[in-house]
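K.L.:
Need a 3D model of the following:
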Amino acid sequence: MIASACFTTLSLLLLSQDALAVPTAPMPVVGWSMPIRRLNPSKSQNFTLMAQQAKDQRDMLVAKYGGQSLQTRGTGYNLIVNQDFDTAYYGTIAIGTPPMSYDVILDTGSSDLWLTSSTCGLGSSCGTSPTYDPATSSSFQNLSTPFGIRYVSGAVAGYIAEETVQMAGFSVEQQGFGVVNALSSAFYQNPVSGIMGLAWAPLASTRQTPFWQTLASSGSWDSALFGIQLTRYVSASGATLNEPGGVINMGYTNSSLYTGSIEYYDLVGTPLYWEIDMNTLTVQGMSIDIAGVSTVVIDTGTTNIAGPATAVASIYAQIPGSELRTGQLEGYYTYPCNTTVNVEFNFGGNSWSMSPADFTHTQVSSTECIGAFFVITLDQGGPSWIIGDAFPCELPPLKNVYSVFKYSPASVGFAALSETAIAQNGIKAAVPSPTIGSVATVTNTGTASSTASSTASSTASSTASNTASIGRPLSLLCFWLASASIVFLFL
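P.N.:
All right, here's what the predicted structure looks like:
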């Protein structure tokens, strides 16, 4: 009774807040596929809506950063969907017994996994996305522990449970996650039903170990890492709301998607975010002073690049005609759209160039554009810069980068995209649909075992089952050639 009252109070408290973002605080490679999708902002949106979205992103980052083992090793991949012209990326997980598939934002900037419950709202609307019904699963276990997460534009609240969760051919039993039965309207993002955090356990509001970390730490993967390649549609002619978004490779790196070697950078301090040091930042050939403000978080749940006021001001000082905006666009700068802006990042090895086209966040008039860099003020001890999709995964800043997130030693790696991967940007192809199927695993001794294929209900459509495939990671390139996220809308 007391727990119920506490939960009700927590739910009301959280939902009354105005916030949205992330929580405050020589062997063959075989696998199975589950789709990922990316969320993109509509090109037809009006200025007021665009300004509100820009404000939400800024506020979200302030809130976000201010404050079971398997028996064999193997690899797998999950196709991604790009939504709203590079605004968000999401993929698919399967949960329960029998398994049901759900679209979730893939977010390297948070660590919680949660799904909207079928009891959400207790009769009132919780959006139109598919919901999770614990009563349909024999593996569901209610831990009866309330939880809540406050975001910039809203909040979610519910209770912590355990379930069997599958992704990319891997299954984790008794995976802790949040069952959400109260959420703000900002999260009504059909067909997305929740979020899968891909950061580290200490960041999780639910205090549950993230799915990826369970697999990496238990030796379930051939290599304790995951790689992400995301597509780019922001400037593609005729692009639609949902497009093929790329791929997340679990337990291996796909050499067909990058060229040269992967350059790794150690994380700063105890792993929490995917946070690394930035050595230098140059704009229009001029070095930007980042002394004392050089730590960078790689966040697939964020669209642009946030940084400290003085450094961001120095960036736009290199661009004649730039102007700091106020009101809803506070923290953002406008600049002449006909200006070509060249940006380079260096993290201790190679320098990584940002495409001039990706410096533009959006165009607000025939001559004025909003830049991808904006100002953010975080609490002392937090990261200085937040680099989102525009950088490693989605590629606006570094559109020729394949990103790798390594468990041990804890690090982030980048490699230049291959021509095969680059060719996926802007192509016309079918969007991957939620799928569950067979998976082949490869042991360290070279023997391979394959589980029988299974079907699962797709909660993204009224059809009951989808088939899955066994094959090499390269087969995804033939599929559409499509990462997370990746959300990523809201985040």
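K.L.:
Any regions of the stretch 51-200 of the chain where pLDDT drops low?
P.N.:
51-53, 55-72, 122-125, 151-154 (pLDDT under 70).
K.L.:
which stretches of it form strands?
P.N.:
Along the stretch 51-200 of the chain, the stretches classed as strands by DSSP state E, counting those that start in this stretch are 76-83, 88-95, 100-107, 113-116, 141-150, 155-167, 170-183, 192-197.
K.L.:
One more: the stretch 301-450 of the chain?
P.N.:
Here the stretch 301-450 of the chain has its strands, by DSSP E, counting those that start in this stretch, at 305-307, 323-324, 332-336, 343-346, 351-354, 360-363, 368-375, 385-387, 401-406, 411-417, 440-442, 448-450.
K.L.:
beta partners for residue 156?
P.N.:
For residue 156, the beta-bridge partners under DSSP bridges are residue 149, residue 183.
K.L.:
And for it, the neighbour number?
P.N.:
28 (other Cβ atoms under 10 Å). C-betas here are computed from N, CA, C, even on glycine.
K.L.:
Let me see the contact set for the closest residue to residue 267 other than its chain neighbours.
P.N.:
Spatial nearest neighbour of residue 267, chain neighbours left out: residue 410 (4.4 Å); criterion: Cβ to Cβ, 6 or more residues apart in numbering. When contacts are counted by Cβ atoms under 8 Å, 6 or more residues apart in numbering, residue 410 touches 266-267, 271.
K.L.:
would you list those residues in TSV and tack on distance to residue 324 and pLDDT?
P.N.:
Listed next are those as TSV, based on distance: Cβ to Cβ, whole Å; pLDDT from 0 to 100:
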residue	distance to residue 324	pLDDT
266	35	96
267	32	96
271	35	95
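K.L.:
Now flag whichever of the residues you listed is closest to residue 344.
P.N.:
residue 266 (21.0 Å; Cβ to Cβ).
K.L.:
ChimeraX command to pick out the buried ones of the contacts of residue 410?
P.N.:
Entered in ChimeraX, the line below selects the buried ones among the contacts of residue 410, by 16 or more other Cβ atoms under 10 Å:
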select :267,271
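K.L.:
Now secondary structure and distance to residue 99 too, for the contacts of residue 410, in TSV please.
P.N.:
Output for these, formatted as TSV (DSSP: H, G, I helix; E, B strand; the rest coil; distance: Cβ to Cβ, whole Å):
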residue	secondary structure	distance to residue 99
266	strand	37
267	coil	33
271	coil	30
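K.L.:
wait, doesn't residue 345 sit right on residue 281?
P.N.:
Yes - look at residue 345 against residue 281 with Cβ atoms under 8 Å: they come within range, at 6.0 Å.
K.L.:
Quick check: the gap between residue 277 and residue 304.
P.N.:
21 Å (Cβ to Cβ, to the nearest Å).
K.L.:
more neighbours, these two?
P.N.:
residue 304 (26 against 15).
K.L.:
Look up the closest residue to the more buried one, ignoring the ones flanking it.
P.N.:
residue 372 (4.5 Å).
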